[in-house]
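Q: Coordinates only, no sequence provided:
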């Protein structure tokens, strides 16, 4: 029975992560909000963090506003307890966005609590760049309302 529970939990975590990737690629920030825990934390390849679901959603909106072609492509998914391990790559119109990537995602209580990125090439300081963008002209870009 313990094995069934673990497999069922891993299957649910996998479906949550797959839904998050699909929502991000579709630019469905409402769906992302529904799948992120309130204390959601994003960790970029340099280890910089952004915390809080609504704050991270604003940063992700700025990312896709800056590069509308930015897309995640997942090639393989593995699980370990409440963690999902994804490998794949990202594409985008800017060369910094196109790279091989690994993601480690913590799913807690059916919600994504943490998303870590690891790049195969030089990691990019996405958190710093997007946070800094709040103080630049990019901050004036219209953002989609998140319900």
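A: Noted; the coordinates are in hand. Please read all numbers here as calculations on a predicted model, not as lab measurements.
Q: give me the beta-bridge partners of the residue nearest the centre of the chain?
A: Centroid-nearest residue in the chain, with Cα atoms, centre = their mean: residue 115, separated by 5.6 Å. For residue 115, the beta-bridge partners are residue 42, residue 105 (DSSP bridges).
Q: Three-state assignment for residue 18, please.
A: When classified by DSSP: H, G, I helix; E, B strand; the rest coil, residue 18 comes out as helix.
Q: re earlier: if I look at the residue nearest to the centre of the chain, how far off is residue 21?
A: When distance is defined by Cβ to Cβ, to the nearest Å, residue 115 is 10 Å away from residue 21. Any C-beta I mention is one placed from the backbone N, CA and C, and that applies to glycine too.
Q: So which residues of the chain form strands?
A: 36-43, 49-51, 71-80, 83-91, 99-108, 111-119 (DSSP state E).
Q: Which one of these lies nearest to residue 8?
A: strand 71-80 (11.5 Å; Cβ to Cβ).
Q: Off-centre distance for the closest one?
A: 12 Å (Cα atoms, centre = their mean, to the nearest Å).
Q: residues of that strand that come out buried?
A: By neighbour count with 16 or more other Cβ atoms under 10 Å, strand 71-80 contains the buried residues 71-72, 74, 77, 79.
Q: closest to residue 33 among those residues?
A: residue 72 (17.4 Å).
Q: For the closest one, name its beta-bridge partners.
A: Here residue 72 sits in beta bridges with residue 90, going by DSSP bridges.
Q: contacting residues around residue 118?
A: Contacts for residue 118 (Cβ atoms under 8 Å, 6 or more residues apart in numbering) come out as 45, 101-104.
Q: Tell me which of those residues has the lowest pLDDT.
A: Across the contacts of residue 118, the smallest pLDDT goes to residue 45, namely 84.
Q: and that residue, what are its phi and psi?
A: phi -60, psi -20 (degrees, to the nearest 10).
Q: Tell me the span between the first and last residue of stretch 27-38.
A: 19 Å (Cα to Cα, to the nearest Å).
Q: likewise stretch 19-37?
A: End-to-end distance (Cα to Cα), stretch 19-37: 14 Å.
Q: Could you do stretch 60-76 as well?
A: Length of stretch 60-76, first residue to last, Cα to Cα: 23 Å.
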